[in-house]
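Peer 1: based on what follows, work out the 3D shape:
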Amino acid sequence: MSYGDPNNPYGAPQGQQPQQPGYGYPQQQGQAPGYGYPQAPPVSPYGGPPAPTTMPGSVSAARVMMWVIVGLQVLGVVLFAFAAAALNAAKDDESLKDNTAFQDLVGDSTGVIWGYVVFGVAWLVFAAVLATKFKNGGNGARITILVFAIITAVLGIYPFVIVGLVHTILAILVAVFVGNANGKAWFNRPRY
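Peer 2: Have a look, this model is predicted:
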């Protein structure tokens, strides 16, 4: 069997001569490395997907919601302080001094309302500090924001049912947006 035999299934195709490589040349020249193949995405140092360089939309929305919670806290503190001051003024009113039921209610409730004002100011400052941690905070800030959001949602349900409904909804959304995969990737990104 020779290459010239037209019935040889292992021979060179008809009309072509088998080519021998020259001396010192490689047997086969391949394509450039990676040519024609899809490139892999950049790998993060932790082996997962690449770290985000800009804040994801859900995390940015959570940050905006935290600032809305801060604004609502300011309104709540002002309203509670106004109510406590109005009750103190009503307690000293001459026409209501004889009403014992009113005096008992006012005497006990003004201290509670001032306590709500102090708690509201502390919670407002804590929310503002956490809202500033979205840009460069790490995983500890993420966990703290999650705990803050969960406690805010619970507090919005129990003692402040009517005024706390918006707080509850916003806090649940903050917890969901910070706790999802985008939030985890954002707060765990490497900072060089």
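
Peer 1: surely residue 67 and residue 131 touch.
Peer 2: Yes: using C-beta atoms under 8 Å, residue 67 makes contact with residue 131 at a distance of 5.3 Å. (Glycine included, C-beta is placed from N, CA and C.)

Peer 1: in the helix or strand bottoming out on mean pLDDT in the chain, what counts as buried?
Peer 2: Every helix and strand in the chain was compared by mean pLDDT, DSSP states H and E; the lowest is helix 100-132, with a mean of 85. Burial within helix 100-132, assessed by neighbour count using 16 or more other C-beta atoms under 10 Å, is assigned to 106, 110, 113-114, 116-117, 120-121, 123-124, 126-128, 130-131.

Peer 1: which helix runs longest in this structure?
Peer 2: Using DSSP state H, we find that the single longest helix of the chain is helix 57-91.

Peer 1: quick check: next helix or strand after the least confident helix or strand of the chain?
Peer 2: helix 139-157 (DSSP states H and E).

Peer 1: which residues touch the following helix or strand past that next one?
Peer 2: Sequence-wise, the next helix or strand downstream of helix 139-157 (DSSP H and E) is helix 165-179. The contact list for helix 165-179 (C-beta atoms under 8 Å, 6 or more residues apart in numbering) reads 58-59, 61-62, 65-66, 68-69, 72, 142, 145-146, 148-150, 152-153, 155-157, 160, 183, 187.

Peer 1: ok, now stretch 66-78?
Peer 2: Residues contacting stretch 66-78 (C-beta under 8 Å, 6+ apart): 117, 120-121, 123-124, 127-128, 130-131, 134, 145, 152, 160, 163, 166-167, 170-171, 174.

Peer 1: rerun that using 6 Å as the cut-off
Peer 2: 117, 120-121, 124, 127-128, 131, 170 (C-beta atoms under 6 Å, 6 or more residues apart in numbering).

Peer 1: residue 110 against residue 89, yeah?
Peer 2: No: Residue 110 is beyond contact range of residue 89, at 10.2 Å (criterion: C-beta atoms under 6 Å).

Peer 1: turn the contacts of stretch 66-78 into CSV, including distance to residue 178.
Peer 2: Listed next are the contacts of stretch 66-78 as CSV, based on distance: C-beta to C-beta, whole Å:
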residue, distance to residue 178
117, 28
120, 22
121, 24
124, 19
127, 13
128, 16
131, 11
170, 12
